[in-house]
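Peer 1: the sequence isn't on hand, but the structure is:
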């Protein structure tokens, strides 16, 4: 019999369709990943091609000039930005009923390595630490702009995850509004705090560590789970064990520990599913709410093993064909 | 400069990314659709293979026995149902924090033609009318079960839309809860009614018909638009012009007119984009709210021309690379 499970943080229900369920190993990509070249002449993120991007906003480099080679991490504005740091924040009415405003914000790319064919799962620990420090640095810089309400960091890995460039990178978008889904998420967390006086994400961490059936790994500061109301096979959450509303509050030391946890988590997905396509999304508090008692930043990794269809688009409810307890046991069994 | 536009019905913002925008014809599928056979021996929806499905819940047939050939439309329970009409509606707590319940509901498939290689865009008007009458009949039957709160009708056409069987069919899912996104949508419509005393969808129809820049077609009872805050290139809405909260209230005569409008709309998408993959979703009021003044059933067609990525998954906000005014003009220019 299928089962409905409720995410205690969002109150969203998901359907766990046992009748359709596959065993965890059946989600593995059938063929080996296509090998990529170390360098691709036409790739705007490969070293030597810096003039193909807008001027950099950050670079960690051992040598050379700005906007030339010699870097190991480099951030640049997106050449085709979804939002731009200019224009007017006021709403305008159109045709009486409809509202629009300028697409004010910021959209940038963090190029995570000079090597075209690298990925976080297989990188040296040191490089992943530097990536996390770059995420932190850019977050802290962008949050200073009073026009921005939320900074969303996300990665699209692979075609099924919507990427258009295979060179490893993540994206930062600063929005001039708090998106409605984030506000709903926030309100549900506030309502949990009203009732219980606790952060719902702290509760999720505590319960998950007590029961351990969906736990992937635990370090001094972080816990990794397949969530109870998992929306898709192998959905994975990384949360700080201590309460912290904003990713921007992470210390440099914790960012390095987070980097090692992220790398291990992605390495296990890489090995277990043969380099699956995935998105990850850094959920963090809106800038003005960075110190709330009831919100808690966390990274959600969503492997793109199935295509959301009409039911998901129509209801926002997901049908998951895998049991998180089973996928977690499978991932735990893999070597690190 | 990119633009933010707000859907007046959901209050959700979308980003219209002009910098990334393509011309409408650039969204066309490059290659001709692969021709399919009229009959496929292993297809459970082809005539003669009726024993491969659970027993039918509806069939329009000119001859023969139940669960044999001779039908032109046939509805059957989904063989791998997401929800089933048995089990317990009560919530259970697990591990203190987490809630689950049995997957009570109903999940069925309406096979829309005996011909494996047919599609609504190319069918005879009469067959599409019969499909709509079957949608209506199954909706009206399922709504009688007091355990069901919402009946969602949707179609997944093509691989990118998440279909697993190419034989033309749509799906009906009856859920034991009102999904959160539907409730949010409902609350926003109620709030609009509180303020203005009008149904927001009636207002959308009225404004759309006045301005006409995003109008695709208008008949006596229906209007077809590309919405102002279009979430994806060529998103299309079909709405009844008169207020009607539930699809279940449609008359048989109006269902036939709707069928001809749906067919023309899908035919134009087929011609303009070379048989694109798409989902359509019948948005209708929850069963207990079928006569509300502020909700209004409508069909949303979402071509799957781009892959939603981390930003969309993280925020629920869509980035659209096409202008609905431009795509509507392109579709209008096509012959019917």
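Peer 2: Yes, it's here. Note that the coordinates shown come from a computational prediction; the quantities given were computed from them, not determined experimentally. Residues are numbered from 1 along each chain as shown, chains lettered A, B, ... in the order given.
Peer 1: contacts only, for residue A:142.
Peer 2: A:106, A:148, A:151, A:172, A:174 (C-beta atoms under 8 Å, 6 or more residues apart in numbering or on different chains). From N, CA and C alone the C-beta is placed, and that goes for glycine too.
Peer 1: state the helix or strand in which the residue nearest the centre of chain A lies.
Peer 2: Geometric centre of chain A, nearest residue: residue A:281, 1.9 Å, by C-alpha atoms, centre = their mean. For residue A:281, the element it lies in under DSSP states H and E is strand A:278-283.
Peer 1: neighbours of the nearest residue in space to residue A:71 that is not next to it in sequence, how many?
Peer 2: Spatial nearest neighbour of residue A:71, excluding adjacent residues (C-beta to C-beta, 6 or more residues apart in numbering or on different chains): residue A:61 at 4.0 Å. Here the count is done by other C-beta atoms under 10 Å in any protein chain shown, and residue A:61 has 16 residues near it.
Peer 1: with residue A:62 instead?
Peer 2: Around residue A:62 there are 7 residues (other C-beta under 10 Å).
Peer 1: mind pulling up the pLDDT for it?
Peer 2: Listed pLDDT for residue A:62 reads 91.
Peer 1: now residue A:50
Peer 2: At residue A:50, pLDDT is 98.
Peer 1: now do the strand holding residue A:281: which elements does it pack against?
Peer 2: The elements that strand A:278-283 packs onto, with contact taken as 3 or more C-beta pairs under 8 Å, 6 or more residues apart in numbering or on different chains; DSSP states H and E, are strand A:150-157, strand A:298-303, helix B:310-315.
Peer 1: got a markdown table for those, with mean neighbour count too?
Peer 2: Shown next, in a markdown table, are the helices and strands packed on strand A:278-283 (neighbours: other C-beta atoms under 10 Å in any protein chain shown):
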| stretch | mean neighbour count |
| --- | --- |
| strand A:150-157 | 24 |
| strand A:298-303 | 23 |
| helix B:310-315 | 24 |
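Peer 1: what would the ones you listed look like in JSON lines with distance to residue A:10 and mean pLDDT?
Peer 2: Formatted as JSON lines, the helices and strands packed on strand A:278-283 follow (distance: least, C-beta to C-beta, whole Å; pLDDT from 0 to 100):
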{"stretch": "strand A:150-157", "distance to residue A:10": "16", "mean pLDDT": "98"}
{"stretch": "strand A:298-303", "distance to residue A:10": "11", "mean pLDDT": "98"}
{"stretch": "helix B:310-315", "distance to residue A:10": "13", "mean pLDDT": "96"}
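Peer 1: what parts of the stretch 1-150 of chain A come near chain B?
Peer 2: Residues of the stretch 1-150 of chain A lying close to chain B (C-beta under 8 Å from any C-beta of the partner chain) are A:1-6, A:8, A:10-13, A:15-17, A:19-20, A:80-84, A:86-87, A:91, A:94-103, A:150.
Peer 1: doesn't residue A:40 make contact with residue A:165?
Peer 2: No. The criterion here is C-beta atoms under 8 Å, and residue A:165 misses it with residue A:40 at 9.9 Å.
Peer 1: returning to that earlier point: what's the most distant pair in the contacts of residue A:142?
Peer 2: Taking C-beta to C-beta, the two most distant members of the contacts of residue A:142 are A:148 and A:172; they sit 10.4 Å apart.
Peer 1: list residues touching both of those two?
Peer 2: A:106, A:142.
Peer 1: list the buried ones in stretch A:324-336?
Peer 2: Under the neighbour-count criterion of 16 or more other C-beta atoms under 10 Å in any protein chain shown, stretch A:324-336 has A:324, A:326, A:327, A:328, A:329, A:330, A:331 buried.
Peer 1: hmm, I typed the wrong one, I wanted stretch A:31-51.
Peer 2: Here stretch A:31-51 shows A:40, A:43, A:44, A:45, A:46, A:47, A:49, A:50 as buried, counting by 16+ other C-beta under 10 Å.
Peer 1: now, which of these sits nearest residue A:239?
Peer 2: Nearest member of the buried residues of stretch A:31-51 to residue A:239, counting by C-beta to C-beta, is residue A:45, at 30.1 Å.
Peer 1: and that closest one, that one's in a helix?
Peer 2: No. Under DSSP: H, G, I helix; E, B strand; the rest coil, residue A:45 sits outside any helix and is assigned coil.
Peer 1: residues contacting it?
Peer 2: A:53, A:74, A:109, A:111, A:116, A:165, A:167, A:169.
Peer 1: now do residue A:16
Peer 2: Here residue A:16 is in contact with A:2, A:3, A:4, A:5, A:230, A:320, A:323, B:103 (C-beta under 8 Å, 6+ apart).
Peer 1: is it true that the fifth one touches residue A:325?
Peer 2: Pointing back at residue A:230 there. No. At 9.5 Å, residue A:230 and residue A:325 do not qualify as touching, with contact defined as C-beta under 8 Å.
Peer 1: looking at chain A, which helix is longest?
Peer 2: Taking DSSP state H as the criterion, chain A has its longest helix at helix A:252-273.
Peer 1: so which bits of that helix are buried?
Peer 2: A:254-259, A:261-270, A:272-273.
Peer 1: and the gap between the closest residue to residue A:236 other than its chain neighbours and residue A:207?
Peer 2: The spatial neighbour of residue A:236 that comes closest, neighbours along the chain excluded (C-beta to C-beta, 6+ apart), is residue A:301 at 4.2 Å. Residue A:301 sits 20 Å away from residue A:207, taking C-beta to C-beta, to the nearest Å as the criterion.
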